[in-house]
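In: sequence first, then the predicted structure:
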Amino acid sequence: MGRVIEAHELTKRYGRTTAVNALSFSVRPGVVTGFLGPNGAGKSTTLRMILGLNAPTGGTVTVDGRPFRDLPRGLRHVGALLDAHDVHGGRSARAHLTALARSNAIPRRRVGEVLDEVGLTSAARRRIGGFSLGMKQRLGIAAALLGDPPVLLFDEPLNGLDPEGVLWVRGLFHQLAAEGRTVFVSSHMMTEMEHTADHLVVIGRGELIAAESLTEFAARGARQSVTVRAADPAALTAVLSAEGASVERREDGSCAVTGLSAARVSELAFEHRVLLHELTTETSTLEQAFMELTADHAEYRTGESR
Ligand SMILES: Nc1ncnc2c1ncn2[C@@H]1O[C@H](COP(=O)(O)OP(=O)(O)OP(=O)(O)O)[C@@H](O)[C@H]1O
């Protein structure tokens, strides 16, 4: 039921700022695709171009082979949560969704269904102005689901949700993908995507850095190193280096060893009678892979004068 989103050489310039630069990627149905990048990387701009809210300076982006503008029945084709605050605070949640349903020719019964789905039934008659950010996110998700669309876009949907809300939203995204929909979710935090996305499109400064499965992405950062603390670090270094390992002596007296497994380090130390006080395997995390890959692309970084 889902449709492929295809960006080809997509570019957006604002004056001299290039927000999105020759970005090409595709988002497939049936999996949750995370859209990851540091602040200012161009995620919101890209999502707005997918929805036809911003016109590209160059390149194209299509849903099911067509620009969004050419797709009739808006919300029934693509449901989106762009900015949870972008709602009329004086209205009730139910009135807000009812107005959206009416203008998109969506049956009224969907309003009750989506309110239920996002857990807002008991708050449906309250003014949105009094909602917490988490409740507004739920309302925005309800609006995205209203037209039962095959394609769903969410911009930073986890912002403001409590831990229970985060678990719920992850379950919902997986369910929507399992139903065969196309689910594209932006975030600037790798940790948020780790248990949310199956596939990743990673950008920095408007350019594509990676487009691959979460497993492939994780493998980039999966350089294992072994931390060893030895009674005689110099002796250990000599033994391990002779076996082809690279050994880095740290200030705290420990050694970071790459190129040998912890088991092999232990065997060699035993054979050469080097006493060990500590032996730990460190696997670099997804977060490290993300930081390393985006380091050259971060728009705003602490300690950087621009
Ligand atoms: N309307 C605009 N006019 C001028 N510059 C803009 C406009 N919208 C976005 N930009 C610039 O384009 C770049 C990308 O912004 P965008 O909001 O798409 O990034 P983002 O990845 O969504 O960031 P964040 O995670 O901070 O929301 C930024 O440098 C931003 O300042």
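Out: Structure received. Numbers count the residues shown, from 1 in each chain.

In: show me which residues of the chain sit near the ligand.
Out: Proximity of the chain to the ligand, by C-beta under 6 Å from any ligand atom, involves residues 14, 17, 19, 37, 39-45, 188, 299. The C-beta positions use only the backbone N, C-alpha and C, and glycine is treated the same way.

In: would you map the helices across the stretch 101-250 of the chain?
Out: Taking DSSP state H, counting those that start in this stretch, the helices of the stretch 101-250 of the chain run over residues 109-117, 133-145, 163-178, 190-194, 214-220, 233-242.

In: wait, residue 253 sits on residue 227?
Out: No: applying C-beta atoms under 8 Å, one finds residue 253 not in contact with residue 227, separated by 11.0 Å.

In: ok so, going back, tell me which of the residues of the chain next to the ligand fall in strands.
Out: Among the residues of the chain next to the ligand, DSSP state E puts 14, 17, 19 in strands.

In: start to end distance for stretch 278-289?
Out: 26 Å (C-alpha to C-alpha, to the nearest Å).

In: counting neighbours, which bits of the helix or strand hosting residue 270 end up buried?
Out: Counting by DSSP states H and E, the element that carries residue 270 is helix 262-271. Residues of helix 262-271 classed as buried by neighbour count (16 or more other C-beta atoms under 10 Å): 262, 265, 268, 269.

In: repeat that for stretch 29-42.
Out: 29, 31, 32, 33, 34, 35, 36, 37, 38, 40, 41, 42.

In: what's the closest of those to residue 290?
Out: In terms of C-beta to C-beta, no member of those lies closer to residue 290 than residue 36, at 6.9 Å.

In: so the closest one makes contact with residue 200?
Out: Yes: using C-beta under 8 Å, residue 36 is in contact with residue 200, at 5.7 Å.

In: quick check: neighbours shared by those two?
Out: residue 193 (C-beta atoms under 8 Å, 6 or more residues apart in numbering).

In: what subset of the ones in strands among the residues of the chain next to the ligand is buried?
Out: Buried among those (16+ other C-beta under 10 Å): residue 19.

In: what would the ones in strands among the residues of the chain next to the ligand look like in TSV with pLDDT?
Out: Converted to TSV, these look like this (pLDDT from 0 to 100):
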residue	pLDDT
14	94
17	92
19	95
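
In: wait, what's in contact with the closest residue to residue 138 other than its chain neighbours?
Out: Nearest non-adjacent residue to residue 138, counting by C-beta to C-beta, 6 or more residues apart in numbering: residue 118, 4.2 Å away. Taking C-beta under 8 Å, 6+ apart, we find residue 118 in contact with 138, 139, 141, 142, 145.

In: who wins for most neighbours among the residues you listed?
Out: residue 138 (28 neighbours; other C-beta atoms under 10 Å).

In: wait, isn't that residue in contact with residue 120?
Out: Yes: using C-beta under 8 Å, residue 138 makes contact with residue 120 at a distance of 5.4 Å.

In: how about the secondary structure of the residue sitting furthest away from the middle of the chain?
Out: What lies farthest from the middle of the chain is residue 273; by C-alpha atoms, centre = their mean that is 48.0 Å. Of the three states, residue 273 takes coil under DSSP: H, G, I helix; E, B strand; the rest coil.

In: ok so, going back, which SSE is immediately downstream of the helix holding residue 270?
Out: Sequence order places strand 276-283 as the next helix or strand after helix 262-271, per DSSP H and E.

In: got the buried residues for that next one?
Out: Across strand 276-283, burial judged by 16+ other C-beta under 10 Å covers residue 279.

In: what's the next secondary structure element after it?
Out: Next along the chain from strand 276-283, counting by DSSP H and E, comes helix 286-294.

In: how about low-confidence regions in the stretch 101-250 of the chain?
Out: Scanning the stretch 101-250 of the chain for pLDDT under 70 picks out 221-223.

In: so residue 64 makes contact with residue 28?
Out: No: applying C-beta under 8 Å as the test, residue 64 and residue 28 come out as separate, 11.8 Å apart.

In: now for those two: what residues contact both?
Out: Taking C-beta under 8 Å, 6+ apart as the contact rule, residue 64 and residue 28 both touch residue 4.

In: can you give me the domain assignment for this structure?
Out: What automatic domain parsing lists as the domains of the chain is 5-211, 224-283.

In: tell me which of these sits most buried.
Out: domain 5-211 (a mean of 18; mean count of other C-beta atoms under 10 Å).

In: so how far is that domain off the chain centroid?
Out: Relative to its chain's centre, domain 5-211 lies at 12 Å (C-alpha atoms, centre = their mean, to the nearest Å).

In: could you do stretch 198-216 as well?
Out: Centroid separation between stretch 198-216 and its chain, computed with C-alpha atoms, centre = their mean, is 9 Å.
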